[in-house]
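S.K.: sharing a model that was predicted from the sequence below.
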Number of protein chains: 2
Amino acid sequence: MPYGNSAQTDLLIVGAGPAGLMLAAWACQYDIRFRVIDNKATRVGTGHADGLASRTLEIFDSFGLVHDILKDAYRINEICSWNPDPDRPDRIKRTQRAKSQPHGLSRYPQSILNQGSIEQILLDYVKAKAGVEVERNTSPQTLDVDEAACDDEDAYPIVLTLKTHDEGQDEHHTTVNAKYVVGCDGAHSWVRRQLGIAMEGDVTNRHFGVMDIVVLTNFPDVRQSCVIHSKSGSVMTVPREGRLLRLYVQFAETKQGEPFDRKSVTPQAILEKARPMFEPYTLDFRICDWQSVYTIGQRVAKQFSYKNRVFLCGDAVHTHSPTMGQGMNVSMQDAYNLGWKLGSVLEGTAKREILSTYNDERRPVAQELIDLDRRMSDFYSQGPSENSSKYAAFRDSFSWFLSGVSVAYGPCQLVAAVADDHADNNNAAAGTALRDGANGTVHLNEDSNRIASRPGLATGLTIGRRIAPCNIVCQAEANVVLLSDKLPSNGRWRVVVFAGDLTSSSQWDTVKELGCALESICRIYTRSPKDLHSVVEVILIHSGTHDSFTLLDLHDIYHPDNGDEGWDYWKVYSDDAAALSVGEQSTAYKQYGVDEKAGCVVVLRPDQHVAYIGLILDDKALDRFFAGNLRPVKRVTNVTQPAAS
Amino acid sequence: MPYGNSAQTDLLIVGAGPAGLMLAAWACQYDIRFRVIDNKATRVGTGHADGLASRTLEIFDSFGLVHDILKDAYRINEICSWNPDPDRPDRIKRTQRAKSQPHGLSRYPQSILNQGSIEQILLDYVKAKAGVEVERNTSPQTLDVDEAACDDEDAYPIVLTLKTHDEGQDEHHTTVNAKYVVGCDGAHSWVRRQLGIAMEGDVTNRHFGVMDIVVLTNFPDVRQSCVIHSKSGSVMTVPREGRLLRLYVQFAETKQGEPFDRKSVTPQAILEKARPMFEPYTLDFRICDWQSVYTIGQRVAKQFSYKNRVFLCGDAVHTHSPTMGQGMNVSMQDAYNLGWKLGSVLEGTAKREILSTYNDERRPVAQELIDLDRRMSDFYSQGPSENSSKYAAFRDSFSWFLSGVSVAYGPCQLVAAVADDHADNNNAAAGTALRDGANGTVHLNEDSNRIASRPGLATGLTIGRRIAPCNIVCQAEANVVLLSDKLPSNGRWRVVVFAGDLTSSSQWDTVKELGCALESICRIYTRSPKDLHSVVEVILIHSGTHDSFTLLDLHDIYHPDNGDEGWDYWKVYSDDAAALSVGEQSTAYKQYGVDEKAGCVVVLRPDQHVAYIGLILDDKALDRFFAGNLRPVKRVTNVTQPAAS
């Protein structure tokens, strides 16, 4: 723990669960000092969360970690719905097999892996990348914010005292001054309580028993995720790695005010409760890996941040039932939204004002989660129903949210609104977003000096939503690559130049002019004069074949000169995947709905969300967009953190 | 080095290059004692071999290591051919772009990664899996074989003295008694020389300069592999990870007997030689990572083994030019062929006689390699030609061999010949193998008690060749998986039951009867009564949908009872991938040419090569096949090696 005794830190992360560690993974990408504290002695072992949505896996992929997860994860492709057999209502019968989610939403299926493995993958990453380890047995005791200093970029306005309890030793107390603090400290968040931020919503009196067992049964769908509605109650089953099966068993409903003895929910008690629900099939176990009890409730915090200095992620600001398998996902996605904003502000490459978008972008997602969760937990609590007998249709109404790939942010400072002269497109795009429900409650922040997007130039993209992966061909290497592999989470913004038809000399000239403008933008914001693309990276995708022109004839910004290392050959791609026999996938221009002659320009945020769509000719809009969000970097750094590996 | 001082070892591997380490990867799969010694102080750093054929990547995949390679490797998709420009013969001009290999040969493309990285991946694997580290600075001094004891299974008939030179210390000598020794000690193999085995073939007087540089050039195809024939000589270029470019530059041809000053082949000298070959393009570098010189020659050892106690792999038995990028591949494939045979004989599950198949199977491959290499090195040495101007067609005549996936072994003890009543099929299959050139020189060993295959039952498979991957659906989990992922290199033989149409009650009964026979086979040969599948594993693939019957209704051998862990749900698959929207891939039955009603039985060796194809009804043939190769295991083990992780 190199900074265990540092009195000053740029970023203090309270809580080393999935949200806190995801934030730490982002912090590794920046030249900043950060610490992670956790009040527990170890990471999670058995049990806890296990659902991984497609978008979460895409995020792990962007850190190069997805294979570590997929090699052990269980993939949910199909869900079986069981209901009372009409002929023998005391027995269950399979009524439907439902697809987990529509094909093509993501490269990654909905998957299942225990929380402990996910935490370990992130712990290993953060240690290897930045040399930072979690400071365990450490909890904050006091938190004070010097409000007068909150707008001073060089200040450390937050003072915390920390208590550390070493095993077999006395407690000791230290003080830390932080520029930013993020509370990822769970449903009973200490940080949230210090800020006096209230949770809104209710807790019900419905209790579910949960356990991970190595099951012994003749139930035929034991290795598929199942939704079981029996006359005796409902069960949700989730197969896991290592032969484990997670059971969520409807256990009891208490009266208002009546106490519930959670200790009574033993594995054996859950088994006894579940057995009649599985009739006519047997149910037993000899190995129980973990057991818990959930009382259904839905609550969301009134605000997710305080003075843009203290932030809250995950369970600290939203709690709900486990029935959608979303908890760990939305928590990590909160942190994924926040991490690059904090990193770039701390490093001095972005304006402090962007931090307010965290609350504006993530609170509506949490509200949506809560609303859907209420529907889903009712579905489990209210017995066999129209929805349980037509489960596939019921599930379809959730899958866009469950996958995590449909969330669309903005419009806001970081996501350029739609141009007035494209009002129709505006309505169409907003309609899409609203229909998907992801940003229905986002309010337009009218006071920002905002530029306008033209979504009609890329009808396959949604402004504010993450860009879907697509096969493209590296111009220099003639290899098929995924665009998403070129968008790792390293803090860079990307200007993706859909250059159109470069065999047209007028288009060639236009793209060359854009190159001049882009070079100027890259030069203003770069962190390093040796790497013009270090903050704003330019990627070019043209619509022709990969042998239709010579790469080095393009403007230098499309193949930067890296000195002794020669040209950078990995910025230019062609929409030529079909020619390289990769099969039936649609081409990039078709998939993104971009005109193959005229092209367009798309700006992607460091989190791969579409920030702006515009004309190639309109480089002034790019100037204004980046001027509104980024800052020319001060070239002197006083950070003494050792170089990351 | 837990066994560094052990006087007895089951297997001593001499040389820790790619071949030796591949052998060690196999050794980890068995409960045997093995040591690896190497006379050098460290693994290879820069340079050396770098080509990885598709089959080699499949092999790494079978050990779970392919992602470690692919994340850094360069993939060769297309090769550019350059020849003198007819209008300006002193300049070169691109004449063709050739596909590296036909689409669909393998899931993995031809790739490039430096030898040091590959060695490191294997070193890490062997250490993690078996706790074995290479004993460095250690070379054998004497080797004696007690020929009288060679047929005694319990004997350690080989005695070696080893010299170890610790840094800053004196040399010390130790003696080791080994059951088996494998020389993976390179072109100047000490082990081969002790055995008095001669190399046959010639060395030419043609010298190529080789170097890895970070190139500075305006040559447009710098990031593609190129074949350049200029008026000034020929160059082969191979891009690599980390911006490196490998150049093979035709350097000099000396007269017979004339000495060649290899020291004159400096990086600067290679650059000067290459520059006119690249005209009109510039060529320079400031970083040279590695440099060497190759003198073209083709030689192969007269035999690959001695008394079936000492074996030779890789460069120790075949040397050739680097022009096909095959050296590291064929070397590792030698070891991959040998490793499971040695492991299973040492563990007592296979008969010692199978060891003679190593020489019979691999020497013809080496001979083929040598013959092709002669053609390919002539192509580079003899200037612009018909072949260089029509490079794509020329390359096509090599690609089946280059990919490594077309090698077909046998017929031999381990590969059941074709039945006489299928003479037509016999000729057809043999014709395929011969046309591919892989086993043209294998002689039928007439004295073995051999069973007959019926290749007509699986027309998409070739007897003796590795089975190609195919998507199948896990019956229990409704997930699409690759058959190859179910065939890891863990030492198990597989009986793949293509069960046909299980909705037919007669077929159901037939498959049930086969289940009884298979249970008996599994029980005879298993290493552990708790895991019937530990030596012969049964996998069932039926042609119906994944919901067409209940898995537990099948014979138990298709879903073994694992006690407290319940049933094993991962042995039964359906040919239902299309239903799960995986796209246009052909189904398993179509791809393998198996009748969807009647099915067939295919036996796969531990190295995934097809050993036998027969009728479901003919379980007697399976009895005989396994009785010919395997041994019931003695249940008492006197091996004290600590448990592998």
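M.R.: Noted; the coordinates are in hand. Residues are numbered from 1 along each chain as shown, chains lettered A, B, ... in the order given.
S.K.: going forward, measure contacts between C-alpha atoms and count neighbours the same way
M.R.: Noted.
S.K.: per the record, what domains does chain A have?
M.R.: A:8-71+A:111-199+A:299-375, A:408-629 (automatic domain parsing).
S.K.: reformat those domains as TSV; add mean pLDDT.
M.R.: Shown next, in TSV, are those (pLDDT from 0 to 100):
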stretch	mean pLDDT
domain A:8-71+A:111-199+A:299-375	96
domain A:408-629	85
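S.K.: how about these, which one is nearest chain B?
M.R.: Comparison of the domains of chain A against chain B by Cα to the nearest Cα identifies domain A:408-629 as nearest, at 5.0 Å.
S.K.: could you check whether the closest one is close to chain B?
M.R.: Yes: Domain A:408-629 lies within reach of chain B by Cα under 8 Å from any Cα of the partner chain, at A:476-479, A:550-552, A:564-567, A:569, A:581, A:584.
S.K.: for those, pick the one with the most neighbours.
M.R.: In terms of neighbours by other Cα atoms under 10 Å in any protein chain shown, the residues of domain A:408-629 next to chain B top out with residue A:478 at 26 neighbours.
S.K.: quick one, what contacts it?
M.R.: A:546, B:77-78, B:224 (Cα atoms under 8 Å, 6 or more residues apart in numbering or on different chains).
S.K.: and the longest helix for chain A?
M.R.: In chain A, assigned by DSSP state H, the helix with the most residues is helix A:356-381.
S.K.: pull out the buried positions in the next helix or strand after it.
M.R.: Where DSSP states H and E defines the elements, the next helix or strand beyond helix A:356-381 is helix A:386-389. By neighbour count, with 16 or more other Cα atoms under 10 Å in any protein chain shown as the criterion, the buried positions of helix A:386-389 are A:388-389.
S.K.: one more: stretch A:615-629?
M.R.: Along stretch A:615-629, these residues count as buried under the neighbour rule (16+ other Cα under 10 Å): A:615-616, A:619, A:621-622, A:625-629.
S.K.: distance check, residue A:161 against residue A:194.
M.R.: 13 Å (Cα to Cα, to the nearest Å).
S.K.: which of those two has more neighbours?
M.R.: residue A:161 (16 against 12).
S.K.: how about the nearest residue to that one once chain neighbours are set aside, phi and psi?
M.R.: Spatially, and ignoring its direct neighbours in sequence, residue A:161 is nearest to residue A:175 (4.4 Å; Cα to Cα, 6 or more residues apart in numbering or on different chains). Main-chain dihedrals, residue A:175, degrees, to the nearest 10: phi -120, psi 140.
S.K.: and the residue of the stretch 251-400 of chain A found nearest chain B, what are its phi and psi?
M.R.: Of all residues in the stretch 251-400 of chain A, residue A:286 sits closest to chain B, at 6.2 Å by Cα to the nearest Cα. Dihedral angles of residue A:286 (phi, psi; degrees, to the nearest 10) stand at phi -120, psi -20.
S.K.: then residue A:319?
M.R.: Torsion angles, degrees, to the nearest 10, at residue A:319: phi -130, psi 150.
S.K.: same deal with residue A:572?
M.R.: According to degrees, to the nearest 10, residue A:572 has phi -120, psi 130.
S.K.: measure the residue located most distally from the centre of chain A to residue B:550 for me?
M.R.: The centre of chain A is farthest from one residue, residue A:87, which by Cα atoms, centre = their mean lies 45.6 Å away. Look at residue A:87 and residue B:550: by Cα to Cα, they are 21 Å apart.
S.K.: residue A:97 now?
M.R.: Counting by Cα to Cα, the gap from residue A:97 to residue B:550 is 15 Å.
S.K.: thinking again about what came up before, list the buried residues for the longest helix of chain A?
M.R.: So helix A:356-381, judged by 16+ other Cα under 10 Å, has buried residues A:356-370, A:372-374, A:376-377, A:379-381.
S.K.: got a markdown table for the buried residues of stretch A:615-629, with distance to residue A:504 too?
M.R.: Listed next are these as a markdown table, based on distance: Cα to Cα, whole Å:
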| residue | distance to residue A:504 |
| --- | --- |
| A:615 | 17 |
| A:616 | 14 |
| A:619 | 20 |
| A:621 | 24 |
| A:622 | 24 |
| A:625 | 28 |
| A:626 | 29 |
| A:627 | 32 |
| A:628 | 34 |
| A:629 | 34 |
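S.K.: helices - which of those residues land there?
M.R.: Short answer: those in helices (DSSP H) are A:619, A:621-622, A:625-629.
S.K.: the residue nearest to residue A:161 touches residue A:163, doesn't it?
M.R.: No: counting by Cα atoms under 8 Å, residue A:163 is not a contact partner of residue A:175; they are 9.0 Å apart.
S.K.: that older thread, the longest helix of chain A packs against which elements?
M.R.: strand A:233-239, strand A:283-301, strand A:318-319, helix A:327-347 (3 or more Cα pairs under 8 Å, 6 or more residues apart in numbering or on different chains; DSSP states H and E).
S.K.: and those: which comes nearest residue A:525?
M.R.: With Cα to Cα, the closest approach to residue A:525 among the helices and strands packed on helix A:356-381 belongs to helix A:327-347: 11.4 Å.
S.K.: convert the C-alpha atoms of the closest one to PDB, please.
M.R.: What follows is helix A:327-347, C-alpha atoms only, in PDB (Å, rounded to 0.1, in the frame of the first residue of the first chain):
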ATOM      1  CA  GLY A 327     -27.400  -5.000  -8.700                       C
ATOM      2  CA  MET A 328     -23.800  -5.600  -9.500                       C
ATOM      3  CA  ASN A 329     -24.200  -4.400 -13.000                       C
ATOM      4  CA  VAL A 330     -25.800  -1.000 -12.400                       C
ATOM      5  CA  SER A 331     -23.400  -0.500  -9.500                       C
ATOM      6  CA  MET A 332     -20.300  -1.100 -11.700                       C
ATOM      7  CA  GLN A 333     -21.900   1.000 -14.500                       C
ATOM      8  CA  ASP A 334     -22.400   3.900 -12.100                       C
ATOM      9  CA  ALA A 335     -18.700   3.700 -11.300                       C
ATOM     10  CA  TYR A 336     -17.800   3.300 -15.000                       C
ATOM     11  CA  ASN A 337     -19.800   6.500 -15.800                       C
ATOM     12  CA  LEU A 338     -18.000   8.400 -13.000                       C
ATOM     13  CA  GLY A 339     -14.400   7.100 -13.200                       C
ATOM     14  CA  TRP A 340     -13.200   8.700 -16.400                       C
ATOM     15  CA  LYS A 341     -14.800  12.000 -15.500                       C
ATOM     16  CA  LEU A 342     -13.000  12.200 -12.100                       C
ATOM     17  CA  GLY A 343      -9.800  10.900 -13.700                       C
ATOM     18  CA  SER A 344      -9.700  13.500 -16.500                       C
ATOM     19  CA  VAL A 345     -10.700  16.400 -14.200                       C
ATOM     20  CA  LEU A 346      -8.000  15.400 -11.700                       C
ATOM     21  CA  GLU A 347      -5.400  15.100 -14.400                       C
END
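S.K.: so which elements touch it?
M.R.: helix A:18-27, strand A:51-52, helix A:54-62, helix A:356-381.
S.K.: show me what the first one is packed against.
M.R.: Spelled out, that is helix A:18-27. strand A:8-14, strand A:34-37, helix A:115-130, helix A:327-347.
S.K.: could you dump these into TSV with mean neighbour count added?
M.R.: Shown next, in TSV, are the helices and strands packed on helix A:18-27 (neighbours: other Cα atoms under 10 Å in any protein chain shown):
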stretch	mean neighbour count
strand A:8-14	24
strand A:34-37	24
helix A:115-130	20
helix A:327-347	25
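S.K.: got a pLDDT number for the closest residue to chain B within the stretch 51-200 of chain A?
M.R.: Per Cα to the nearest Cα, residue A:77 is where the stretch 51-200 of chain A lies closest to chain B, at 6.0 Å. With respect to pLDDT, residue A:77 scores 90.
S.K.: got the contact list for it?
M.R.: A:99-101, A:109-110, B:478-479.
S.K.: residue A:112 versus that one, what's the distance?
M.R.: For residue A:77, the distance to residue A:112 - Cα to Cα - is 11 Å.
S.K.: can you give me the strands in the stretch 401-550 of chain A?
M.R.: In the stretch 401-550 of chain A, the strands defined using DSSP state E, counting those that start in this stretch lie at A:417-418, A:452-453, A:471-474, A:480-482, A:493-500, A:536-542.
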